[in-house]
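Participant: give me a model of this one.
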Amino acid sequence: MLVKFYSRPNCELCIEGLHTLKIVQDDISFTIEQFNIEEHDELHEKYMLMIPVVEKDGKVIQYGQLDYVTLFDALND
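Facilitator: Next up is the predicted model:
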């Protein structure tokens, strides 16, 4: 399973969010593909107010303040 993680450098909420996502990854097997929205104009415009963003199969699972339970439930189906 591939999970996309959208963030930007020097974003404390993004650092915390990635840490939470990696804790979920300890319990569920998936690959995290990271994207720096500042390197892609389209992604920056789409997600600049939402980061961090976790996406699976083209659908946003959670954004902003990420939590273990929401991510685990969404990725464990």
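
Participant: next helix or strand past the worst-scoring helix or strand of the chain on mean pLDDT?
Facilitator: In the chain, no helix or strand scores lower on mean pLDDT, DSSP states H and E than helix 41-47, which sits at a mean of 95. Sequence-wise, the next helix or strand downstream of helix 41-47 (DSSP states H and E) is strand 53-56.

Participant: so which elements touch that following strand?
Facilitator: Where contact means 3 or more C-beta pairs under 8 Å, 6 or more residues apart in numbering; DSSP states H and E, strand 53-56 is packed against strand 2-7, strand 59-63, helix 68-75. Using the backbone N, CA and C atoms, a C-beta is placed for each residue, glycine as well.

Participant: ok so, going back, residues of the least confident helix or strand of the chain that come out buried?
Facilitator: For helix 41-47, the neighbour count (16 or more other C-beta atoms under 10 Å) marks 43, 47 as buried.

Participant: and D27, which of the helices and strands packed on strand 53-56 is closest to it?
Facilitator: Each of these has some distance to D27 by C-beta to C-beta; the shortest is helix 68-75, at 6.7 Å.

Participant: from the centre of the chain, point out the most distant residue.
Facilitator: The C-alpha centroid of the chain is most remote from D41, which lies 18.0 Å away (C-alpha atoms, centre = their mean).

Participant: gap between it and L75?
Facilitator: For D41, the distance to L75 (C-beta to C-beta, to the nearest Å) stands at 29 Å.

Participant: find the centremost residue of this structure, please.
Facilitator: Judging by C-alpha atoms, centre = their mean, the chain has its centre closest to V54, at 2.7 Å.

Participant: who touches it in this structure?
Facilitator: Neighbouring residues of V54 by C-beta atoms under 8 Å, 6 or more residues apart in numbering: 3-6, 17, 21, 60-63, 66, 71.
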